[in-house]
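>>> The following comprises the amino acid sequence and a computationally predicted model.
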Amino acid sequence: MTLSKTIQVLLSIFMILLQNNLSAAITSISPKSIIGGIGQIVTLTGTGFGNSQGINYVSFIQESGSYLDAAGSKALKYKSWIDSKIEIEMPFAFSGRVKINIGGIDSYSADTLRVNANLGYRAVNPLDYNFLNNTNGKGGYTWYMHRLYWNDPAIKAAIEAVFKEFRCKTGVNYILANTPSDSSLKLNDNINLIAPDSALGAVGYTDMAWSSCILGGTTFYRSSTMDVRMSTKQNWYFGTGATPAGKSKFRYVLMHELGHSLGLGHVNENGQTMYPSVTLLPSDTWNSRDSITKDEKTAISYFVNLSQNFSFRACGITPISPIGDCNDVYGVKMGVDERIDKTNITLYPNPTNGVIYLKTDVENLDIVNSMGKSISFITLEFEHITEINLIGNPPGIYIMMIKKDNKLLFQKIFVN
Ligand SMILES: [Zn+2]
């Protein structure tokens, strides 16, 4: 090949790359606000993506401030890829422009994709988590307050209120122990503890231990012990609403830390509890709020639902149970054994538009809404199919509570 021929070939390759790059453009993103790590699909439309993925990839900005690298981006779950449209499962990411790499050349969306909450995971394709599980024999996790917190009514009330918030918004089976703890902050004691920490550099911190169990070809990962450390260097305010000048809001920081314990990672969206700063600007401008955001509720509820319904059974692992009265933070109304047992229940259709049919071997049952409020008490005819009519109730998840042989059994009903 002559030199000029070589230059011609190189030039034509360069032109192809250039054309590809010029034509690769993300012109729209849908939805524009999303939650990372829960399998939501983001659709990118535009031009020049190529007819299949090949060596190309889409990337999102990370907490580090850099875009996810090529290997990590190629490992994401692409649902479809055609020249004008890509559908991809939204990974853990920070808000920012979406990057697309075609033939080794980056281009960026004009629009910003806003990530309002992130659920952390072990693996992204398929999504796999450190699941919550029944660690206390009561269907979830028992948290202890350190004695210094237990003995201070303002702190105790603050912790109870934050637990109510998570229980009532997400249905998570977190209860408080009805005795204080003198344990130290270490994870190998199997005690979930909320305690002051004089050595902590941060305002608050969550430590989490996980363990795994292998059955056949499946490795199941679960959160085992968790500790929330609260700095003693803060001038804490234990009340609700706006924080007095010079103080740090205990309830808000605890809400952020318990968010971590429930799988949430940080986001860079103003107004979210999981924004990394919890006491200073900019979170100062929104931390008068005493509730989690709707995005946080969605992400945690998704995780709670997975943790209530996994089928893995080995190493003594069972799912977490739904809760009855969400305000019952000490779990005093709970039965001894609240494991889900569906063996004697025939129920259909589920999800339902309002009418369900049920056959079971108990005489009566109670249907409660997600806030634990009873909406229907039903007497059943033994071994007959009973029609239950929930028409007129708002769509959502309802829990059928059945008492049998001194056990409380739960069955979720999804009303559309
Ligand atoms: Zn944090």
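Right, received. Where do you want to start?

>>> ok, Ser303 - contacts?
Heads up, residue 303 is Phe, not Ser. With contact taken as C-beta atoms under 8 Å, 6 or more residues apart in numbering, Phe303 is in contact with 38, 119, 129, 132, 262-263. Every residue, glycine included, has its C-beta placed from N, CA and C.

>>> which residue sits closest to the spatially most central residue of the chain, ignoring its sequence neighbours?
Nearest to the geometric centre of the chain sits Ile300, at 3.2 Å (C-alpha atoms, centre = their mean). Nearest residue to Ile300, sequence neighbours excluded (C-beta to C-beta, 6 or more residues apart in numbering): Thr170, at 4.2 Å.

>>> Tell me, how many residues neighbour that neighbour?
Thr170 has 24 neighbours, counted by other C-beta atoms under 10 Å.

>>> Also Pro196?
Applying other C-beta under 10 Å, we find 17 residues neighbouring Pro196.

>>> ok, and the closest non-adjacent residue to it?
Pro196 sits nearest to Thr232 (C-beta to C-beta, 6+ apart), 4.8 Å away.

>>> Confirm for me that the one you found is in contact with Asp197.
Yes: in terms of C-beta atoms under 8 Å, Thr232 counts as a neighbour of Asp197; the distance is 6.6 Å.

>>> List the contacts of the residue nearest to Ile300.
Thr170 is in contact with 262, 292, 297, 300-301, 304, counting by C-beta under 8 Å, 6+ apart.

>>> rerun at 7 Å
Contacts for Thr170 were tallied using C-beta atoms under 7 Å, 6 or more residues apart in numbering; they are 297, 300-301, 304.

>>> Gly39 now?
Gly39 makes contact with 89, 127, according to C-beta under 7 Å, 6+ apart.

>>> before we move on, which element is it in?
Using DSSP states H and E, Gly39 is not contained in any helix or strand.

>>> So the closest residue to Val172 other than its chain neighbours versus Gly72, what's the distance?
Closest residue to Val172 in three dimensions, ignoring its sequence neighbours and counting by C-beta to C-beta, 6+ apart: Val304, at 5.0 Å. Distance, Val304 to Gly72, using C-beta to C-beta, to the nearest Å: 27 Å.

>>> helix, strand or coil for Gly201?
Here Gly201 is coil, with the state taken from DSSP: H, G, I helix; E, B strand; the rest coil.

>>> ditto for His256
Under three-state DSSP, His256 falls in the helix class.

>>> Can you report how many residues lie near it?
Count around His256 with other C-beta under 10 Å applied: 28.

>>> immediately after the helix or strand of the chain with the lowest mean pLDDT, which helix or strand?
Within the chain, no helix or strand scores below helix 3-23, which has a mean of 57 by mean pLDDT, DSSP states H and E. Sequence order places strand 25-30 as the next helix or strand after helix 3-23, per DSSP H and E.

>>> Would you enumerate the residues in contact with the residue nearest to Val172?
Residues near Val304 by C-beta under 7 Å, 6+ apart: 132, 170-172.

>>> Which member of those residues is positioned nearest Leu280?
Taking C-beta to C-beta as the measure, Leu280 lies nearest Thr170 of those, at 27.1 Å.

>>> Would you mind measuring from that closest one to Cys213?
The spacing between Thr170 and Cys213, counted by C-beta to C-beta, is 25 Å.

>>> cool, Leu127 as well?
Leu127 is 19 Å from Cys213, where distance means C-beta to C-beta.

>>> The contacts of Thr170 in helices, which ones?
With helices taken from DSSP state H, the overlap with these comprises 297, 300-301, 304.
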